[in-house]
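**Q** Pasting the sequence and the predicted coordinates here, then a few questions.
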Amino acid sequence: MFEDLTIPRIWPIGAILFNLLFLLIAIPIEGYIYHRRLNFDKKTSIFYAIAVNSFSGVIGWVIFFFVEPVLPVPIKAELINYIFFNIFRSTNTQGVLIFTTFIIFFSTFLMKFFLLRLFVFTLSEDIGKKQEEPQPFYRQKVRFISRIRLQDTNLVTTTLIANSLSYTAITIILLIRNR
């Protein structure tokens with residue numbers, strides 16, 4: 001699989017620049033939503049937005065590069081035409097594109113949620129600190145479970161809102177670009 005690994009002679013500069021543009025659009029929008037809804041300070045919310053979008057972008061490209069070689073030839077041809085020339089040759093490609101867009105949106109949402117949850121848990125300042133006043137075990141367990149449930153619900157809705165707004169902004173830019 002990796003025997004034919006060479007640097008390509010033709011670079012999809014348009015796709016690379018649009019990916020950079022999408023990151024530059026998504027990070028401030030999602031950082032603002034994290035700041036407002038999760039009550040992070042601005043620096044922390046932007047850090048989480050950068051981390052979540054960077055990791056999800058890298059994971060998305062890795063998935064793309066593993067899926068692309070197994071695609072049927074007509075879909076590969078349409079993909080190459082769209083990436084390099086911004087045109088579709090086939091008329092039924094738009095249905096596949098809409099279906100693929102929904103899959104990408106929800107998989108990105110799930111990826112961002114789990115990444116944000118991982119980052120919030122691992123980068124929390126409360127980990128490793130001693131509690132000043134020990135509480136009874138049962139009370140402590142109930143508080144911890146209720147806090148985790150509330151935090152998960154809040155993270156899910158916040159991630160969904162942030163992802164939806166950033167995808168909406170990106171879609172508007174794509175519509176403006178194609179006119």
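**A** Received the coordinates, thanks. Numbering: from 1, shown residues only.

**Q** Just to check, Ala26 is in contact with Ser166?
**A** Yes. The criterion here is Cβ atoms under 8 Å, and Ala26 meets it with Ser166 at 3.8 Å. Where you see a C-beta, it was placed from the backbone N, CA and C, and this is true even at glycine.

**Q** Overlap of the contact sets of these two?
**A** Residues touching both Ala26 and Ser166 by Cβ atoms under 8 Å, 6 or more residues apart in numbering: none at all.

**Q** Could you list the low-confidence segments of this structure?
**A** 1-10, 125-153 (pLDDT under 70).

**Q** Which residue ranges of it form helices?
**A** 13-38, 42-67, 73-85, 93-122, 137-178 (DSSP state H).

**Q** Dump the ones you listed to CSV, plus mean neighbour count.
**A** Converted to CSV, the helices of the chain look like this (neighbours: other Cβ atoms under 10 Å):
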stretch, mean neighbour count
helix 13-38, 16
helix 42-67, 16
helix 73-85, 13
helix 93-122, 14
helix 137-178, 13
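
**Q** In contact with the closest residue in space to Arg89 that isn't next to it in sequence, which residues?
**A** Excluding the flanking residues, the one nearest Arg89 by Cβ to Cβ, 6 or more residues apart in numbering is Asn81, at 5.8 Å. Shown in contact with Asn81 (Cβ under 8 Å, 6+ apart): 87-89.

**Q** Need the contact partners of stretch 170-179.
**A** Stretch 170-179 has contacts (Cβ under 8 Å, 6+ apart) with 21-22, 25-26, 86.

**Q** Quick one: distance of that stretch to the chain centre.
**A** 19 Å (Cα atoms, centre = their mean, to the nearest Å).

**Q** same thing with stretch 100-118?
**A** 5 Å.

**Q** cool, and stretch 99-115?
**A** For stretch 99-115, the distance to the chain centre is 7 Å (Cα atoms, centre = their mean).

**Q** CA atoms only: put that stretch into CSV for me.
**A** C-alpha atoms of stretch 99-115 as CSV (Å, rounded to 0.1, in the frame of the first residue of the first chain):
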residue,chain,number,x,y,z
PHE,A,99,-25.9,12.3,1.1
THR,A,100,-22.2,12.6,1.6
THR,A,101,-22.6,16.0,3.1
PHE,A,102,-25.0,14.7,5.7
ILE,A,103,-22.6,11.9,6.6
ILE,A,104,-19.7,14.3,6.9
PHE,A,105,-21.7,16.7,9.0
PHE,A,106,-22.8,14.1,11.5
SER,A,107,-19.5,12.3,11.6
THR,A,108,-17.7,15.6,12.2
PHE,A,109,-20.2,16.4,14.9
LEU,A,110,-19.6,13.2,16.7
MET,A,111,-15.8,13.5,16.3
LYS,A,112,-15.8,17.1,17.6
PHE,A,113,-18.0,16.1,20.6
PHE,A,114,-15.7,13.2,21.6
LEU,A,115,-12.6,15.3,21.1
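
**Q** All set now, cheers.
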